[in-house]
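**Q** Below are the sequence and a predicted model; questions follow.
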Amino acid sequence: MANSQSSSSIVHPEDAVSDLLTVYKIVEIFHSVQGEGVHAGIPHVFIRFGKCNLQCEWCDTDFETFEEMTAEEILSQVSQYPSKRLILTGGEPMLNDLWPLQRLFKSRGYSLACESNGTIEIPEGLLDWICISPKDQMYPQVKIRQRYGDELKCVYVGQDLSMYDDLKQGFTHHFLQPCYMENESVEWNGKNFALTETVVKENPSWRLSLQTHKWMGVD
């Protein structure tokens, strides 16, 4: 995934060598628009990490196929794109020590957001925007340890929304998102979208989130 851009053009004298040489498991790095949630429609650079501590049946990421990249290589690739907004996603990004990337990117004026399943507590001050998408509707034995953030985005699979009553208090924005299954028909997914829309209308403290990037056919 590393590109041909000279490292001298992206490395600053104040960069710690240990930060630059930190190795991460990366599935892909790409430039797109955020397709869901509060920042839908805004260009971001997505850094998708390998590995996850859960295996949700609707997950559209092969997080076991990845390349090992140094933070310097990640920085070099990200710097090709004009957006200064990063989204760290996965897999589960919080399985990694993200401080080296945080220091490198924040010193260059980037804004860092993440999407996490919430099973790992996020260190204070690490990120500018926290989106938690809990999966305890599928894994009731899993404890949600990140109890606050900016967005709570729950995939709707028929669960009782009262299970989030306590968790919602720590988040500013509350989204309910239809479960989209790529191996199901358009009709199946359409019915699931309609059901989720009905549930949101009946529970107005929630807001509907749709994965518009999938409608557009982009990453």
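**A** It's in.

**Q** how far away is the closest residue in space to Gly91 that isn't next to it in sequence from Lys153?
**A** Counting by CB to CB, 6 or more residues apart in numbering, Phe63 is the residue found nearest to Gly91 once chain neighbours are left out, at 3.7 Å. C-beta coordinates here come from the backbone N, C-alpha and C atoms, glycine included. For Phe63, the distance to Lys153 (CB to CB, to the nearest Å) stands at 18 Å.

**Q** all helices for this structure, in order.
**A** Secondary structure of the chain, counting by DSSP state H: helices at 17-20, 71-78, 99-106, 165-168, 186-202, 212-216.

**Q** Any idea which of these gets closest to Gln34?
**A** Closest of these to Gln34 is helix 212-216, at 7.9 Å (criterion: CB to CB).

**Q** Now do the buried residues in stretch 91-108.
**A** If you call a residue buried by 16 or more other CB atoms under 10 Å, then stretch 91-108 has these buried ones: 91-96, 98, 100-102, 104-106.

**Q** I should have written stretch 195-208 there, sorry.
**A** Quick answer for stretch 195-208 (16+ other CB under 10 Å): 196, 199-200, 206-207.

**Q** and of the residues you listed, the nearest to Thr172?
**A** Using CB to CB, Arg207 is the member of these that lies nearest Thr172, at 11.2 Å.

**Q** Count the residues that sit near the closest residue to Cys114 other than its chain neighbours.
**A** Closest residue to Cys114 apart from its sequence neighbours, by CB to CB, 6+ apart: Leu88 at 4.3 Å. Here the number of neighbours of Leu88 (other CB atoms under 10 Å) works out to 24.

**Q** again, but for Phe171
**A** Using other CB under 10 Å, the number of residues around Phe171 comes to 20.

**Q** where's it relative to Glu124, distance?
**A** 16 Å.

**Q** Could you pull up the contacting residues of the nearest residue to Thr196 once chain neighbours are set aside?
**A** Take Thr196 and drop its neighbours on the chain: the residue closest to it by CB to CB, 6+ apart is Pro178, 4.1 Å away. Residues in contact with Pro178 (CB atoms under 8 Å, 6 or more residues apart in numbering) are 155-156, 189, 192-193, 195-196, 210.

**Q** Quick check: beta-bridge partners of Pro178?
**A** Per DSSP bridges, the residues bridged to Pro178 are Tyr156.

**Q** next one: Tyr24
**A** On the basis of DSSP bridges, Tyr24 is bridged to Met69.

**Q** rewinding a little: now tabulate the buried residues of stretch 195-208 in CSV and tack on distance to Ile130 and pLDDT.
**A** What follows is the buried residues of stretch 195-208, written out as CSV (distance: CB to CB, whole Å; pLDDT from 0 to 100):
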residue, distance to Ile130, pLDDT
Thr196, 23, 91
Val199, 24, 94
Val200, 22, 95
Trp206, 18, 96
Arg207, 17, 95
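
**Q** With distance to Ser133 added, can I get those in a markdown table?
**A** Rendered in a markdown table, the data for the buried residues of stretch 195-208 read as follows (distance: CB to CB, whole Å):
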| residue | distance to Ser133 |
| --- | --- |
| Thr196 | 14 |
| Val199 | 17 |
| Val200 | 16 |
| Trp206 | 14 |
| Arg207 | 14 |
